[in-house]
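**Q** After the sequence you'll find the predicted model.
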Amino acid sequence: MSKIKKFFSRKKEEAAAFKVSFYLFLAKPNYESLAFQLKLTGSGMGEGHKLNAPKQENAAPSGSGSRKKYEAYVPPNRNEISMEARQAANAALARIDKKTSRDFNTSLSAVKAQAKRELEAERRQKEEQQASAEASASNTSTSVADNRNLACEGVFFRCPMISDEILPKAAWKTKIKEFLYQQLEADRGLTACLIIHNCNGKEKADECIATLIRYLENLIKSPTEEKFCKIRMSNRIFSEKVRYVEGALDVLQAAGFSEVEIDGEQFLLWTREQTEKDLDLPTLVEALKNSETIPLELDRNIKVLLPSQARKVALPNEFYRLSPEEIKKEQQLRTEAIAQAQMLRTKAMRDREEQRNLRMYRYALVRVKFPNGLFIQGTFNVYEKIADVFEFVQSCLADESLDFTLLAASEGKLGEEDLEKTLFDCKLIPNSLLLFGANGVASADQADLNYLKEELLMLVQAM
């Protein structure tokens, strides 16, 4: 029996014993009244005696001493099983033994049937494998086709602090981490502050930095107090908020802490002599307070499109705040809720629904159509301003001094009063089309002019 079962069995026995003793206590008779009743009825139970009185060996029998003594129960002899019954039992046992020990049927029909079953099982297995391979190939071809229908390949960024490369955000995170660890040996303290911010989650990094600042500020105020000069590495706060955060131990090492063993336990011990050269504790505290994630700049990912290529409007997953699965689920729930309500929606209800839909997007794709039929396309954050769109278009023009207007289908002509509005405010998300118009140029002549820089015309997408 396992330990768990023994434990519960013992608890069960204790509960049963307690229950019995409790009921016996409730059923305890009143001996004084019982004796009185026996005395009145003249029971022939004999004289009583004290419990502490010596036992009388040859005490006279009481009035009930002539009771009949009963002998012990002796079970009667049973009749022996008959010979016929014994033979029937043996025959039944023989049939059971013969049934359970049946030999393998080696007849030709049995062998054929077994071979047929095995071949059938092998055929089903091959069919399942083939179907699985076809499904995988179909999914791959579908994903390739979907990628071809996308309006752009994704969202890309620049990081001037590190290099001039244009990469997705995930690739930049890896590259930034590699860059920071390469700089660690040359400037451990300040680099470690950046590692904490860039290589950990925000909440985790904030808690770690607050704890490190408290450690260092205590040392600045009381550098000779022993309790501030050492940190027990098994301490709960240190283990939860500092020890396993990337860059945290490097900050402490730069501050002058080193790992030592005291009475068989690991500590971080601080000495002023081990502080990093040309770095003092107040400077390190300021670095912890002011450090932040290395900024990434959104790349416009400029594309020049022909009219036939401007039909692609599907956006990659990076444009959404939610995953595609979450978006589909949310849209389905909203559709079902509207269908169940079966009522007309007011303008306020429609506006709220539209705002919820707009909040699903993080980036916007803006296309500008020129009178000659070409399009330019750029990626924007949804909270960038209309002024940024005008600046983007102007940077693409061969004559950057050209005065022009942009016309949006939803907002109409975008004027000076709209420059401080965001794309989100103007509802130009997730993708929008703006019409370019050159001021001071006759409408009949605009279609024959080329507005874009020569190097941009080389970006026209292959058909």
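**A** Noted; the coordinates are in hand.
**Q** any weak-confidence spans in the protein?
**A** 1-12, 14-15, 18-81, 98-112, 133-148, 321-359, 461-463 (pLDDT under 70).
**Q** where do the strands sit along the stretch 351-463 of the chain?
**A** Remark: strands assigned in the stretch 351-463 of the chain by DSSP state E, counting those that start in this stretch are 363-369, 375-381, 404-408, 412-414, 431-438.
**Q** now for the ones you listed, which one comes closest to residue 163?
**A** strand 375-381 (19.9 Å; Cβ to Cβ). Heads up, the C-betas are built off the backbone N, CA and C, glycines and all.
**Q** Contacts for that closest one next, please.
**A** 151-152, 155-156, 298-307, 309-310, 362-370, 388-389, 392-393, 396, 423, 452, 456 (Cβ atoms under 8 Å, 6 or more residues apart in numbering).
**Q** In helices, which of those fall?
**A** 388-389, 392-393, 396, 456 (DSSP state H).
**Q** returning to what we had before: now, of the contacts of strand 375-381, which are buried?
**A** 151-152, 155-156, 298, 300-301, 303-305, 309-310, 362-370, 388-389, 392-393, 396, 423, 452, 456 (16 or more other Cβ atoms under 10 Å).
**Q** before we move on, back to that, okay if I get the strands of the stretch 351-463 of the chain as a markdown table plus distance to residue 274?
**A** Shown next, in a markdown table, are those (distance: least, Cβ to Cβ, whole Å):
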| stretch | distance to residue 274 |
| --- | --- |
| strand 363-369 | 47 |
| strand 375-381 | 45 |
| strand 404-408 | 61 |
| strand 412-414 | 61 |
| strand 431-438 | 57 |
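**Q** The residue lying closest to residue 402 once chain neighbours are set aside and residue 281, how far apart?
**A** Leaving aside its chain neighbours, residue 402 sits nearest to residue 438 (6.1 Å; criterion: Cβ to Cβ, 6 or more residues apart in numbering). Going from residue 438 to residue 281 by Cβ to Cβ, to the nearest Å gives 62 Å.
**Q** just residue 366 next, same as before
**A** Counting by Cβ to Cβ, the gap from residue 366 to residue 281 is 49 Å.
**Q** Residue 446 too?
**A** 66 Å.
**Q** ok, these two, which is more surrounded?
**A** Between residue 446 and residue 281, residue 281 has the larger neighbour count (other Cβ atoms under 10 Å), namely 20 against 15.
**Q** surely that one meets residue 216?
**A** Yes - with contact defined as Cβ atoms under 8 Å, residue 281 counts as touching residue 216 (5.2 Å).
**Q** okay, and the common contacts of those two?
**A** Counting by Cβ under 8 Å, 6+ apart, the residues touching both residue 281 and residue 216 are residue 255.
**Q** Then residue 170 would be within a helix, right?
**A** Yes - assessed by DSSP: H, G, I helix; E, B strand; the rest coil, residue 170 belongs to a helix.
**Q** How about the contacts made by it?
**A** Residue 170 neighbours (Cβ under 8 Å, 6+ apart): none.
**Q** In this structure residue 181 contacts residue 192, no?
**A** No - contact criterion Cβ under 8 Å: residue 181 and residue 192 do not qualify, at 9.9 Å.
**Q** These two: which has the busier surroundings?
**A** Taking other Cβ under 10 Å, residue 181 and residue 192 do not tie; residue 192 has more neighbours (29 against 16).
**Q** what's near enough to touch the more buried one?
**A** For residue 192, the contact set (Cβ under 8 Å, 6+ apart) comprises 184, 247-248, 250-251, 254.
**Q** of all these, which two lie farthest apart?
**A** 184 and 248 (12.9 Å).
**Q** Between these two, point out the one with more neighbours.
**A** Taking other Cβ under 10 Å, residue 184 and residue 248 do not tie; residue 248 has more neighbours (24 against 17).
**Q** any idea how far residue 195 is from that one?
**A** Taken as Cβ to Cβ, the span from residue 248 to residue 195 is 9 Å.
**Q** got it, and residue 121?
**A** 57 Å.
**Q** who's more crowded, these two?
**A** Set residue 121 next to residue 195 and count neighbours by other Cβ under 10 Å: residue 195 wins out with 25 against 10.
**Q** Who are the contact partners of the more buried one?
**A** Residue 195 neighbours (Cβ under 8 Å, 6+ apart): 177, 180-181, 184, 246-247, 250.
**Q** Just the buried subset of those, written out for PyMOL, thanks.
**A** Buried residues within those, by 16+ other Cβ under 10 Å, are selected in PyMOL with:
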select buried, resi 180+181+184+246+247+250
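**Q** Sort out for me which of the contacts of residue 195 are in helices.
**A** 177, 180-181, 250.
**Q** Need the nearest residue in space to residue 302, chain neighbours excluded.
**A** residue 378 (5.7 Å).
**Q** give me the beta-bridge partners of the one you found?
**A** For residue 378, the beta-bridge partners under DSSP bridges are residue 366.
**Q** Please report the number of neighbouring residues for it.
**A** Using other Cβ under 10 Å, residue 378 has 22 neighbouring residues.
**Q** From residue 412, how far off is it?
**A** 21 Å.
**Q** Same check on residue 226?
**A** Separation of residue 226 from residue 412 (Cβ to Cβ): 73 Å.
**Q** again with residue 458
**A** 34 Å.
**Q** Am I right that residue 389 is in contact with residue 436?
**A** No - the criterion here is Cβ under 8 Å, and residue 389 misses it with residue 436 at 11.2 Å.
**Q** overlap in contacts of the two?
**A** With Cβ under 8 Å, 6+ apart as the test, residue 389 and residue 436 both reach residue 406.
**Q** where exactly do the strands run in the stretch 151-300 of the chain?
**A** So, for the stretch 151-300 of the chain - with DSSP E, counting those that start in this stretch - the strands run 157-159, 163-167, 230-232, 257-262, 265-270, 297-298.
**Q** Reformat those as TSV; add distance to residue 403.
**A** As requested, those are exported to TSV (distance: least, Cβ to Cβ, whole Å):
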stretch	distance to residue 403
strand 157-159	30
strand 163-167	31
strand 230-232	65
strand 257-262	63
strand 265-270	65
strand 297-298	27
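**Q** who are the neighbours in contact with the residue nearest to residue 257 when sequence neighbours are not counted?
**A** Of all residues not flanking residue 257 in the chain, residue 268 sits nearest, at 4.3 Å (Cβ to Cβ, 6+ apart). Residue 268 makes contact with 230-231, 233, 252, 257-260 under the criterion Cβ under 8 Å, 6+ apart.
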